[in-house]
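Participant: Structure for the following, please:
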Amino acid sequence: MRICLVASARFPVAEPFQGGLEAHTATLAHALADRGHRVSVFAAPGSDPSLDVEELDVPPFEPSAAARADVGAHPDAWMREHHAYLALMLRLARGGQSRFDVVHNNSLHHLPVAMAPMLSVPMVTTLHTPPLGWLESAIAMSGGASTFAAVSRHTAAAWSRAVQAEVVPNGVDTSRWQPGPGGGRAVWTGRLVPEKAPHLAILAARRAGLAIDLAGPVLDADYVRREVEPLLGDDARLVGHLHTDALCDLVGRAGVALVTPQWDEPYGLVAAEAMACGTPVAAFARGALAEVVGVSAGRLARPDDVDDLARAAREAVALDRTAVRDHAVRHCSVQRMVTRYEELYARAESPTQPAEAS
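Facilitator: Numbers count the residues shown, from 1 in each chain. The predicted model follows:
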């Protein structure tokens, strides 16, 4: 099958990944190609060329002086992203049917959904976030031109007022995220931003009597300076923004992975990655984490309760690492995810075929 995979225009799909969406896109593209599909990824400049990337890079849009003077003018970054997706969708409308059998919209932008009725190629859109107003508007006006998937039951339920989405949980490459030996330190991975709350992971690890390493990109420097840096020391180290192989090694050598969202996590990819390494998870019970973290693979804590997270960490450390890994292989593998997407692509091509029960 010839697949057009539409990715983010904001961050490149390249190591080290800026976040779960970019890591997910790369994993999906490689796994589809491994199954014999021809995949073209439309992504931000600087993306991994091994993905057969066509960059979402168009001549810069420069609004006129009069447009810039408008008190309601959008920021330049917003306009650049809008312009890139508009150019892509017009290209697909003019000639997409000669190049592709299906378009998989893996972006968070509203234009691919809003312009789906213009295409002669079926579109599948994955919902990666809680409901967004501009996407709900695009869904309402697109007349069912896209087939929708959601990355968890929680996310599907959150979007149910706007659209009925089939649940296709995210997956990790369990051949790359290999089991590690464990160790005496905890680990936290992800974007260093307030909604991921790494500062709470440090506090919980200390109360559990554990040292902790934190890895990920600093996307809110003011937050990190204010909330994270004052807590750092020998027992709490910020080790940087790591490539996947180094991240696998770090996570595999940890005794427990802490996951501390202060928002309703749509899936929880970092939890799945940790479990694939055999590292048990202690997480706030927010969003889809209760779906991802099995009782044999981790412990959940009351949201935002540092003492309860410390309790969960102490309990999780004692779990059998082989059972943790087995849970990830059974429930969080990329192969399981790709099979579900192949089924969804086939149904999008033949929309009269009844959907199978999830």
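Participant: secondary structure element for Ser40?
Facilitator: In the assignment (DSSP states H and E), Ser40 maps to strand 38-43.
Participant: which other residues reach that strand?
Facilitator: By C-beta atoms under 8 Å, 6 or more residues apart in numbering, the surrounding residues in contact with strand 38-43 are 1-9, 12-13, 25, 29, 32-33, 47, 51-56, 88, 99-100. Any C-beta I mention is one placed from the backbone N, CA and C, and that applies to glycine too.
Participant: swap the cut-off to 6 Å and go again
Facilitator: The contact list for strand 38-43 (C-beta atoms under 6 Å, 6 or more residues apart in numbering) reads 2-7, 13, 29, 32-33, 51-54, 56, 88.
Participant: Pull out the buried positions in the helix or strand following that strand.
Facilitator: In the C-terminal direction, the helix or strand that comes right after strand 38-43 (DSSP H and E) is strand 53-55. By 16 or more other C-beta atoms under 10 Å, the buried positions in strand 53-55 come out as Val53, Glu55.
Participant: Then stretch 181-189?
Facilitator: Buried, per 16+ other C-beta under 10 Å, within stretch 181-189: Gly182, Gly183, Arg185, Ala186, Val187, Trp188, Thr189.
Participant: How about stretch 46-58?
Facilitator: Ser47, Asp48, Leu51, Val53, Glu55, Leu56, Asp57.
Participant: which residues touch stretch 155-162?
Facilitator: Outside stretch 155-162, the residues that touch it by C-beta under 6 Å, 6+ apart are Leu127, Pro130, Pro131, Glu136, Ile139, Ala150, Ala165, Val167, Pro266.
Participant: Narrow the residues you listed to those in helices?
Facilitator: In helices, judged by DSSP state H, the following of the contacts of stretch 155-162 are found: Glu136, Ile139.
Participant: which among the contacts of stretch 155-162 gets closest to Leu242?
Facilitator: Pro266 (23.0 Å; C-beta to C-beta).
Participant: which of the contacts of stretch 155-162 are buried?
Facilitator: Looks like these have Leu127, Glu136, Ile139, Ala150, Ala165, Val167, Pro266 buried, using 16+ other C-beta under 10 Å.
Participant: Between the buried residues of stretch 46-58, which sits nearest Pro280?
Facilitator: Nearest member of the buried residues of stretch 46-58 to Pro280, counting by C-beta to C-beta, is Asp48, at 30.9 Å.
Participant: And for the nearest residue to the closest one once chain neighbours are set aside, the neighbour number?
Facilitator: Leaving aside its chain neighbours, Asp48 sits nearest to Ala14 (4.6 Å; criterion: C-beta to C-beta, 6 or more residues apart in numbering). Neighbours of Ala14 under the rule other C-beta atoms under 10 Å: 20.
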